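1. Build me a model from this:
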Amino acid sequence: MISRRSQRGITLTEVMMSLLLMSLGLLGMASLQGKALSSNQGAYLRSQAAISSYDILDRLRANRSLANQGKYNHEINGKIPAAAENNMASVDLNDWLTLLQNNLPKGKGAIKCVNQQSCTIQVQWFDVSINTDTNEDGAIDDKDKQLTLQLVSSL
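-> Residues are numbered from 1 along each chain as shown. Prediction:
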């Protein structure tokens, strides 16, 4: 009788340990899945920023004369210009800045064309998936989560 009870105790202990190890493994897999989703979201936002910057660059190249005159220049915190029918630069800027607002969290953009040679395009957005102190100020705050993509190109 004693040997049967001890065998049952060992079997139950083994089952309990197996369940414990299996649940820890599943929790680890769930954590990895969450981190992967967060990283994929960050990569998606970077892709949207890159696509948007090339979009406005194509618009600048299509309308070089206005770009060289500085009609596309826009500050990062500037207001979105109204789309005027007789002003292609304002239509392009309105479309582009609205696209940034809609596709990127706190998305905004800036353009600066100088000397009829080069244009700098900046796209700025907020990435909540960042959880490290990137600017090394001792705190993980909104400054760490604000990202900027900069594209410098000739027309």
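
2. residue boundaries of the helices in this protein?
-> Assigned by DSSP state H, the chain shows helices spanning 2-62, 64-68, 88-103, 142-145.

3. Name the residues that touch the last one?
-> Residues from elsewhere that reach helix 142-145, judged by C-beta atoms under 8 Å, 6 or more residues apart in numbering: 126-128, 130, 132-135, 137. No exception for glycine: its C-beta is placed from N, CA and C like everyone else's.

4. Show the low-confidence segments of the protein, by residue range.
-> Along the chain, the parts satisfying pLDDT under 70 run over 1-10.

5. Find the residue at the geometric middle of this protein.
-> Geometric centre of the chain, nearest residue: Leu45, 2.9 Å, by C-alpha atoms, centre = their mean.

6. is it true that it touches Gln124?
-> No. In this structure, Leu45 is not within contact of Gln124 by C-beta atoms under 8 Å, at 11.2 Å.

7. shared neighbours of those two, anything?
-> Here Leu45 and Gln124 share the contacting residues Leu147, scored by C-beta under 8 Å, 6+ apart.

8. Now for the closest residue to Ile130 other than its chain neighbours, how many residues are close by?
-> Leaving aside its sequence neighbours, Ile130 sits nearest to Lys145 (C-beta to C-beta, 6 or more residues apart in numbering; 4.8 Å). Neighbours of Lys145 under the rule other C-beta atoms under 10 Å: 18.
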